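> I'd like to go over a predicted model; first the sequence, then the structure.
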Amino acid sequence: MKIIEAISRVDALVPNGYDSGQKVLWLSQLEALVHNQVLREETPFVPFSEETDTQRVLTMAAPFDTAYLYWLEAQIHYANEDIERYNGAIRLFTDAYRAFQLDYHGKHSGGHKGRFRF
């Protein structure tokens with residue numbers, strides 16, 4: 001999913017007054033989490049700015065890319081001080097993000113499969 005796709009899809013589902021630049025910054029926060037907590041890359045993540053190309057492809061691919069939508073929705077509700085809706089969206093985000101983490105670590109665990117032995 002591209003940055004612009006995530007923003008467009010959320011804007012269609014959750015009417016809001018926040019501009020694309022703010023949403024790019026919120027997506028940058030999530031991408032930093034993905035790169036620092038899950039991928040644990042050697043090179044530091046370079047945060048997005050309001051000038052970041054919105055055609056840039058985000059890291060989590062389908063079916064886990066829904067996490068971006070839930071994340072943006074949660075940030076919108078939080079900024080609007082709508083805690084009930086925030087709680088619902090952040091729960092959905094957490095489930096999608098955990099599924100991505102489990103999938104990623106399952107595929108990149110170093111090749112240890114099967115039963116543990118001493």
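Okay, I see it.
> what does the helix or strand hosting Asn87 contact?
Using DSSP states H and E, Asn87 falls within helix 83-107. By Cβ atoms under 8 Å, 6 or more residues apart in numbering, the surrounding residues in contact with helix 83-107 are 33-34, 37-39, 60, 64, 66-67, 70-71, 73-74, 77-78. (C-beta placed from N, C-alpha, C; glycine too.)
> The residue nearest the centre of the chain sits in which helix or strand?
The centre of the chain sits closest to Tyr68, judged by Cα atoms, centre = their mean, with a distance of 3.9 Å. Element membership for Tyr68 (DSSP H and E) is helix 66-79.
> What residues sit buried inside stretch 68-77?
For stretch 68-77, burial by neighbour count (16 or more other Cβ atoms under 10 Å) applies to 68-77.
> Phi first, then psi, for Lys2.
Backbone torsions of Lys2, given as degrees, to the nearest 10, read phi -90, psi 160.
> contacting residues around it?
So Lys2 contacts 54-58 (Cβ under 8 Å, 6+ apart).
> Quickly list what it is bridged to.
Val57 (DSSP bridges).
> Check what pLDDT it gets.
Note on Lys2: pLDDT of 97.
> cool, and the one 10 residues further on?
Per-residue confidence (pLDDT) for Ala12: 98.
> Can you get me a residue count around it?
8 (other Cβ atoms under 10 Å).
> quick one: the helix or strand where it lies to chain centroid distance?
Assigned by DSSP H and E, Ala12 falls within helix 3-13. Chain-centre distance of helix 3-13: 13 Å, with Cα atoms, centre = their mean, to the nearest Å.
> circling back to that earlier point, any idea how far the residue nearest to the centre of the chain is from Arg9?
Per Cβ to Cβ, to the nearest Å, Tyr68 is found 9 Å from Arg9.
> Ok, Val38 next?
Relative to Arg9, and taking Cβ to Cβ, Val38 is found at 22 Å.
> filter the contacts of Lys2 to the buried ones?
54, 58.
> I'd like the contacts of Lys2 laid out as CSV, including distance to Arg98.
As requested, the contacts of Lys2 are exported to CSV (distance: Cβ to Cβ, whole Å):
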residue, distance to Arg98
Thr54, 27
Gln55, 28
Arg56, 24
Val57, 22
Leu58, 17
